[in-house]
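# need the 3D shape of this:
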Amino acid sequence: MSDRPAEDLVLQVIGYHQATKHHFYRYARGPGYMDWANQPNPFRRYEGSRLFHLPLLRPNDAPISPPYEALFHRQQVPVQPVTLPTLSRFLEYALAVSAWKEAGGVRWALRSNPSSGNLHPTEGYLLLREVSGLSAGSGLYHYAPKEHALERRADWPDDLFSAAMQTFPRDAFLLGLSSIHWREAWKYGERAFRYCQHDAGHAIGSARLAAAALGWNLIVLDDLADDEIVALLGLGRDSDYARAEREHPDCLAVVWPDRPHEHTSFPLALADGIIEQVERIVWHGAANRLSRDQVDVWDIIDVVSAASKKPRTHSCTVEVSYSDTASILPTSALVEEANHPSAGDIIRQRRSAVSFDGKTSISAKRFFHMLSRVMPHADTTFPDRPVPWNAIPWGPSVHLALFVHRVDGLSQGLYVLARDRNAMGSLREAMHGHFLWTQPPGCPKDLPLYLLLEGDAKQLAVQVSCHQDIAGDSAFALGMIAEFEPTIRRHGAWYYRRLFWETGVIGQVLYLEAEAAGIRATGIGCFFDDPMHQAFGLQETRFQSLYHFTMGGPVEDARLTTLPAYEPRAERSD
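A predicted model of the protein is given here:
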């Protein structure tokens, strides 16, 4: 590809981002009304494919969840084999229905992975070798969250599966993610592409934490081309999507059980020649249509989707090693720590708050702890980074611009967290010259958090977050500020999506940290882009805010009834 076409793609991506900004005087273009009769089905199924129900595990069924804190210390989690029950637990924590809500005779599902507007554009797939309880032989499965089941989409010859997986650790399998843009565009119009990328990041984060709960590792295979993902997941098969809304490739990740004292290395792609053999695969099923009427997704979404298409890249070989002193604690040693909530409980209870009480505060110690969890330790190689930051093989490009309202021991005001210390200079240069840049009292020395401006910022947070009170009634709110145009120009137009994925992983961490702290969080996709930049002095497109977030004391809606995620059923396969 010549420099000129590459430059054109970058300009198209930046043009999309500029065109889909919200402004005080004009919102990004959307449908303007809610066409409830044509609302897309949040559950994709492949009609004609065989469905295998996964076991519905109770919290005390094996594999038992470790304490939530143990997720971030891999030596403390028992390593589980890849079996039907462990796959069930993995998908429960990563992508499953976590509860149903009901009001006025209307029911809707909540899931383990957050979603913009609870619309859930993300679909999940597993490429597995033969597992007892599923079909004989290796195969590709689509995850059906409503049924908590796997649909067998394709039969993989065992020799082809072995060839595809030969470079990866023993017992590895692949997790695939895709997005249905229409699910978000139905409500949000042109800005929907952004939200689909947020959700892909949320799913990466939830899957990495789900893997950690089983003693498994997970890394995104970031060198793969989108065309390779399309071929492997069957997303380009016109006959299977003849009447259905199409899915667009997000990523493939390799998942495998951690093995202490072992060293392994592998590339971030499949072995050469695998895609050329895809014609040997036998496919099953056709995608269901999600909306009553055929619709065209907004043209600008098609343009940015094509412009940000990922080519094959060659970045590095992953080196994963373990300390000789690593130890695995028995399950009993973990579950008996009664003072620590289990990871499973935290994941299952995660909710997006709809309003805050305007009075709940958190301690400075808790605040610092939450922020430390989003630090990727950029000065280490990514396999050695903390969970979940060892899942994404790129360095941090997203920083937090914070509105602190109710943190005991800290002044109200504007703050910044530089998630990569190397970005300190460029952040300081880009922001207002009168900012203080002082570390708050009690802040750990290794946490690059800085007070910029003291004062009540609640109304400012509300104004820049589309006048939503939830941004000011919280303990704190924030915008995720990406190193934007220089990063996209350095890597290519396809990197635009990775910036949003990074914000989604940050959001997933903060969601769970809020639950662990006894408060609640919510992501905010509607914000006034440039007014947010102006509040911090950011000009042009060197830095851009991609996602807002807020955390505080929730106000529960008494009109809603909460129902269990799944009704008990006799275990069977159809």
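
# helices and strands around the stretch of helix or strand residue 174 belongs to, which ones?
Using DSSP states H and E, the secondary-structure element containing residue 174 is strand 173-179. Packed against strand 173-179, as judged by 3 or more Cβ pairs under 8 Å, 6 or more residues apart in numbering; DSSP states H and E, are the following elements: strand 122-128, helix 192-212, helix 226-233, strand 248-257. (C-beta placed from N, C-alpha, C; glycine too.)

# mind doing that once more with 10 Å?
Identification of packing neighbours for strand 173-179 by 3 or more Cβ pairs under 10 Å, 6 or more residues apart in numbering; DSSP states H and E yields helix 84-94, strand 122-128, strand 139-144, helix 158-165, helix 192-212, strand 216-220, helix 226-233, strand 248-257.

# buried deepest among those, which one?
The densest packing among the helices and strands packed on strand 173-179, expressed as mean neighbour count by mean count of other Cβ atoms under 10 Å, is seen in helix 192-212 with a mean of 28.

# residue 424: what secondary structure?
What DSSP: H, G, I helix; E, B strand; the rest coil gives for residue 424 is helix.

# quick one: contacts for residue 137?
128, 129, 130, 152, 155, 156, 157, 158, 161 (Cβ atoms under 10 Å, 6 or more residues apart in numbering).

# that one in helix, strand or coil?
Counting by three-state DSSP, the backbone at residue 137 sits in coil.

# same list (the helices and strands packed on strand 173-179) but as TSV, adding distance to residue 374.
Written out in TSV, the entries for those read as follows (distance: least, Cβ to Cβ, whole Å):
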stretch	distance to residue 374
helix 84-94	19
strand 122-128	21
strand 139-144	27
helix 158-165	32
helix 192-212	10
strand 216-220	18
helix 226-233	27
strand 248-257	20
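
# who wins for proximity to residue 19 among those?
Taking Cβ to Cβ as the criterion, helix 192-212 is the member of those that comes nearest to residue 19, at 11.0 Å.

# just the C-alpha atoms of that closest one, please, in CSV.
What follows is the C-alpha trace of helix 192-212 in CSV, where atoms were taken according to Å, rounded to 0.1, in the frame of the first residue of the first chain:
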residue,chain,number,x,y,z
ALA,A,192,-22.8,3.8,16.8
PHE,A,193,-19.5,2.7,15.4
ARG,A,194,-17.7,4.3,18.4
TYR,A,195,-20.0,2.4,20.8
CYS,A,196,-19.4,-0.9,19.1
GLN,A,197,-15.7,-0.5,19.7
HIS,A,198,-16.3,0.5,23.3
ASP,A,199,-18.2,-2.8,23.7
ALA,A,200,-15.5,-4.8,22.0
GLY,A,201,-13.1,-3.5,24.6
HIS,A,202,-15.5,-4.3,27.4
ALA,A,203,-15.8,-7.8,26.1
ILE,A,204,-12.0,-8.2,25.9
GLY,A,205,-11.7,-7.0,29.5
SER,A,206,-14.5,-9.2,30.8
ALA,A,207,-13.0,-12.2,29.0
ARG,A,208,-9.6,-11.6,30.4
LEU,A,209,-10.9,-11.4,33.9
ALA,A,210,-13.1,-14.5,33.4
ALA,A,211,-10.0,-16.3,32.2
ALA,A,212,-8.1,-15.1,35.3
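
# quick one: it to strand 173-179, angle?
Taking axes from the mean of the first three to the mean of the last three Cα atoms, to 10 degrees, helix 192-212 and strand 173-179 form an angle of 160 degrees between their directions.

# so what's the model's average confidence on helix 192-212?
The predicted model gives helix 192-212 an average pLDDT of 98.

# in contact with the spatially most distant residue from the centre of the chain, which residues?
Relative to the centre of the chain, the most outlying C-alpha is that of residue 434, 35.5 Å out, by Cα atoms, centre = their mean. Under the criterion of Cβ under 10 Å, 6+ apart, the neighbours of residue 434 are 452, 453, 537.

# from the chain's centroid, how far away is the strand holding residue 174?
Using Cα atoms, centre = their mean, to the nearest Å, we find the averaged C-alpha position of strand 173-179 to lie 12 Å away from the chain's own average C-alpha position.

# that one pairs with which strands, parallel or anti?
Looking at strand 173-179 with DSSP bridges, its paired strands and their directions are strand 122-128 (antiparallel), strand 248-257 (antiparallel).

# wait, a helix at the residue farthest from the centre of the chain?
No. The secondary structure assignment for residue 434 gives coil rather than a helix, going by three-state DSSP.

# change the start of the numbering to 740 and stick with it
Okay, residue one is now 740; in that scheme the one you just asked about reads as residue 1173.

# ok, it to residue 987 distance?
44 Å (Cβ to Cβ, to the nearest Å).

# circling back: got the CA positions of the strand holding residue 913 in PDB?
Extracted as PDB, the C-alpha positions of strand 912-918 are listed here (Å, rounded to 0.1, in the frame of the first residue of the first chain):
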ATOM      1  CA  PHE A 912      -8.400 -22.500  22.300                       C
ATOM      2  CA  LEU A 913      -9.500 -19.300  20.500                       C
ATOM      3  CA  LEU A 914     -12.100 -16.700  21.500                       C
ATOM      4  CA  GLY A 915     -13.500 -14.700  18.600                       C
ATOM      5  CA  LEU A 916     -15.400 -11.400  18.900                       C
ATOM      6  CA  SER A 917     -17.500  -9.700  16.200                       C
ATOM      7  CA  SER A 918     -19.900  -6.700  16.200                       C
END
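
# domains of this structure?
What the record gives for the chain is the domain set 779-1059, 1098-1291, from automatic domain parsing.

# and the ones you listed as CSV, adding distance to residue 1297?
CSV is the format used below for the domains of the chain (distance: least, Cβ to Cβ, whole Å):
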stretch, distance to residue 1297
domain 779-1059, 10
domain 1098-1291, 16
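
# nearest to residue 773, of these?
Nearest of the domains of the chain to residue 773, taken as Cβ to Cβ: domain 779-1059 at 6.8 Å.

# end-to-end on that closest one?
42 Å (Cα to Cα, to the nearest Å).

# low-scoring stretches of the stretch 1040-1189 of the chain, by residue?
Under the criterion of pLDDT under 70, the regions of the stretch 1040-1189 of the chain flagged as low confidence span 1061-1078.

# let's see it at 90
Low-confidence segments of the stretch 1040-1189 of the chain, defined by pLDDT under 90, span residues 1053-1079, 1116-1123.

# quick one: the strands in it, in order.
Counting by DSSP state E, counting those that start in this stretch, the stretch 1040-1189 of the chain has strands at residues 1056-1059, 1101-1102, 1137-1143, 1146-1147, 1152-1156, 1188-1193.

# looking at those strands, which is closest to residue 1040?
Counting by Cβ to Cβ, residue 1040 lies closest to strand 1137-1143 out of the strands of the stretch 1040-1189 of the chain; the figure is 22.5 Å.

# angle of the closest one against helix 931-951?
Computed by the same axes, to 10 degrees, the angle between strand 1137-1143 and helix 931-951 is 100 degrees.

# and of the helices and strands packed on strand 912-918, who's closest to residue 1265?
Minimum separation from residue 1265 across the helices and strands packed on strand 912-918 (Cβ to Cβ) falls at helix 931-951, 9.9 Å.

# and the angle from that closest one to strand 955-959?
Orientation note: helix 931-951 sits at an angle of 150 degrees relative to strand 955-959 (the same axes, to 10 degrees).

# now find how far off-centre helix 931-951 is within its chain.
With Cα atoms, centre = their mean, you get 1 Å for helix 931-951.

# what angle do that helix and helix 823-833 make?
Relative orientation of helix 931-951 versus helix 823-833 (the same axes, to 10 degrees): 140 degrees.

# find the residue at the geometric middle of the protein.
residue 941 (1.6 Å).

# now that one, nearest residue through space, not along the chain?
If the residues on either side of it in the chain are set aside, residue 941 comes closest to residue 1243, at 4.2 Å by Cβ to Cβ, 6 or more residues apart in numbering.

# that neighbour should be in a strand, yeah?
No. Using three-state DSSP, the secondary structure at residue 1243 is helix, not a strand.

# show me where pLDDT drops low in the stretch 1190-1313 of the chain?
In the predicted model of the stretch 1190-1313 of the chain, residues 1295-1297, 1299, 1307-1313 satisfy pLDDT under 90.
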